[in-house]
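Peer 1: Pasting the sequence and the predicted coordinates here, then a few questions.
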Amino acid sequence: MRGIASFVQWRPRYRGTVRGYAFGFRSSAAVPAVQDHAFFVKTTAINVRAGDAGAATIMAGVRDTDAAWLSALYSDDVAPYLDAIGSGCGEPESRDL
């Protein structure tokens, strides 16, 4: 929970000055386990709202290739904890280069 601990330390600095917090960025194409990520989303959103009730919670790191994973994540009831999804792109198609 290192990420949550560091968030708790800096959230007072930004309270009321930002509109939202994006979390969940991924450095690889591999998707995290659904239950683990759902727990991460829920606990992060609770901590964000505890520190800055007016801020939006934005789950980042969703790629266009993650539809089945995102559906499974929403089946684990993350919707009430999120205000938005920050989407990224998957691997570029050769025709796009």
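Peer 2: Perfect, thanks for sending it. None of the values given here were measured: they were computed from a predicted structure. Numbering: from 1, shown residues only.
Peer 1: all strands for the protein, in order.
Peer 2: Per DSSP state E, the chain carries strands over the ranges 20-23, 56-62, 84-87.
Peer 1: any idea how far the first one is from the chain center?
Peer 2: Centre-to-centre, strand 20-23 and its host chain are 7 Å apart (C-alpha atoms, centre = their mean, to the nearest Å).
Peer 1: quick one: pLDDT of the closest residue in space to Ala45 that isn't next to it in sequence?
Peer 2: Nearest residue to Ala45, sequence neighbours excluded (C-beta to C-beta, 6 or more residues apart in numbering): Tyr81, at 3.8 Å. From N, CA and C alone the C-beta is placed, and that goes for glycine too. What the model reports for Tyr81 is a pLDDT of 97.
Peer 1: if we can go back for a sec, Throw the strands of the chain into CSV and include distance to Thr43 and mean pLDDT, thanks.
Peer 2: Putting the strands of the chain into CSV (distance: least, C-beta to C-beta, whole Å; pLDDT from 0 to 100) gives the following:
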stretch, distance to Thr43, mean pLDDT
strand 20-23, 10, 87
strand 56-62, 11, 90
strand 84-87, 18, 88
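Peer 1: Serialize these to a markdown table and add fields for mean neighbour count.
Peer 2: Output for the strands of the chain, formatted as a markdown table (neighbours: other C-beta atoms under 10 Å):
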| stretch | mean neighbour count |
| --- | --- |
| strand 20-23 | 18 |
| strand 56-62 | 19 |
| strand 84-87 | 14 |
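Peer 1: Export those as JSON lines, with columns for distance to Lys42.
Peer 2: As requested, the strands of the chain are exported to JSON lines (distance: least, C-beta to C-beta, whole Å):
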{"stretch": "strand 20-23", "distance to Lys42": "12"}
{"stretch": "strand 56-62", "distance to Lys42": "10"}
{"stretch": "strand 84-87", "distance to Lys42": "15"}
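Peer 1: and the residue nearest to Ala45, how many neighbours?
Peer 2: Tyr81 sits with 17 neighbouring residues when counted by other C-beta atoms under 10 Å.
Peer 1: Same check on Asp52?
Peer 2: When neighbours are defined as other C-beta under 10 Å, Asp52 has 20 of them.
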